[in-house]
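[1] Got a sequence here, can you model it:
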Amino acid sequence: MAIDPLPPQRLRDLATDLAVERRRLEALVHNLAALAERWQREGADAERVDAAALRLQSLYTGIERCLLQIVRVLNGATPEGADWHRRLLDRLTMATEQRPALLSADTAQALGLLLGFRHVVRHLYSDDLEPDQVRQRLGGALALWPRLSADLQAFDGWLQALIALAEGGQRPG
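    Next up, the predicted model:
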């Protein structure tokens, strides 16, 4: 089945949107790293736990925003149903006719832990957060970021090649 090529401008818009999100995520990761260093030096207090939990929630939300942009443009729609967040991660571990796989299984698994933590943060009072769990997720997010950032950069390289092909009127093979 032949797939209609996307207009180059739509692909450029996706690349721009992803670049903007990546810059915001990098700044957030930098903030998380500074928070982790301070936590290491000074220990956990309620404000530090709350700040880390909120920033981790924001980190996952920003990552998910990138993933949603990709599937909306290149796959045409996002997963539906109660478990759509998890299925989004699963979808992006597989290549399709429209795009390469974006996430490794290990990266998707680590993102799944962050997704679960975001759910906890959204549904508990901050007093109910366990500092050790927050610190563990913070360390996991900081370890995950270099891999995920590299995956996003590799995807951007593929996207730039796709844009060049689309501008030339060809479809990648």
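[2] any idea where the helices of this protein begin and end?
    With DSSP state H as the criterion, the chain has helices at 8-42, 46-74, 84-91, 105-123, 131-167.
[3] wait, what's in contact with the residue positioned nearest the centre of the chain?
    Centroid check for the chain by C-alpha atoms, centre = their mean gives Ile63 as the closest residue, at 2.3 Å. Applying C-beta atoms under 8 Å, 6 or more residues apart in numbering to Ile63 gives the contacts 25, 111, 114, 148. In this view, the C-beta of every residue, glycine as well, is placed from N, C-alpha and C.
[4] The residue lying closest to the first one once chain neighbours are set aside and Leu6: what is the separation?
    Distances taken as C-beta to C-beta, 6 or more residues apart in numbering put Gly62 closest to Leu25, at 4.9 Å, once the chain neighbours are dropped. Applying C-beta to C-beta, to the nearest Å, the value for Gly62 to Leu6 is 24 Å.
[5] Would you tell me which of the helices of the chain gets closest to Arg99?
    helix 46-74 (4.5 Å; C-beta to C-beta).
[6] Give me the buried stretch members for that closest one, please.
    By 16 or more other C-beta atoms under 10 Å, the buried positions in helix 46-74 come out as 48-49, 51-53, 55-60, 62-64, 66-67, 69-71, 73-74.
[7] For stretch 81-95, list the C-alpha coordinates in CSV.
    Extracted C-alpha coordinates of stretch 81-95, given in CSV (Å, rounded to 0.1, in the frame of the first residue of the first chain):
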residue,chain,number,x,y,z
GLY,A,81,-8.3,4.0,25.6
ALA,A,82,-7.5,4.0,29.3
ASP,A,83,-4.0,2.7,28.7
TRP,A,84,-3.0,5.0,25.8
HIS,A,85,0.0,6.4,27.7
ARG,A,86,1.6,3.0,28.0
ARG,A,87,0.6,2.1,24.4
LEU,A,88,2.2,5.3,23.1
LEU,A,89,5.5,4.1,24.6
ASP,A,90,5.1,0.6,23.1
ARG,A,91,4.2,2.0,19.7
LEU,A,92,7.4,4.0,19.6
THR,A,93,9.6,1.0,20.2
MET,A,94,8.5,-0.3,16.8
ALA,A,95,9.3,1.0,13.3
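[8] quick one: contacts of that stretch?
    64, 67-68, 70-71, 75, 78-79, 101-105, 108, 111-112, 115.
[9] swap in stretch 113-122?
    Identification of contacts with stretch 113-122 by C-beta under 8 Å, 6+ apart yields 53-54, 56-57, 59-61, 63-64, 85-86, 89, 129, 133, 137, 140-141, 144.
[10] Nice, that's everything, thank you.
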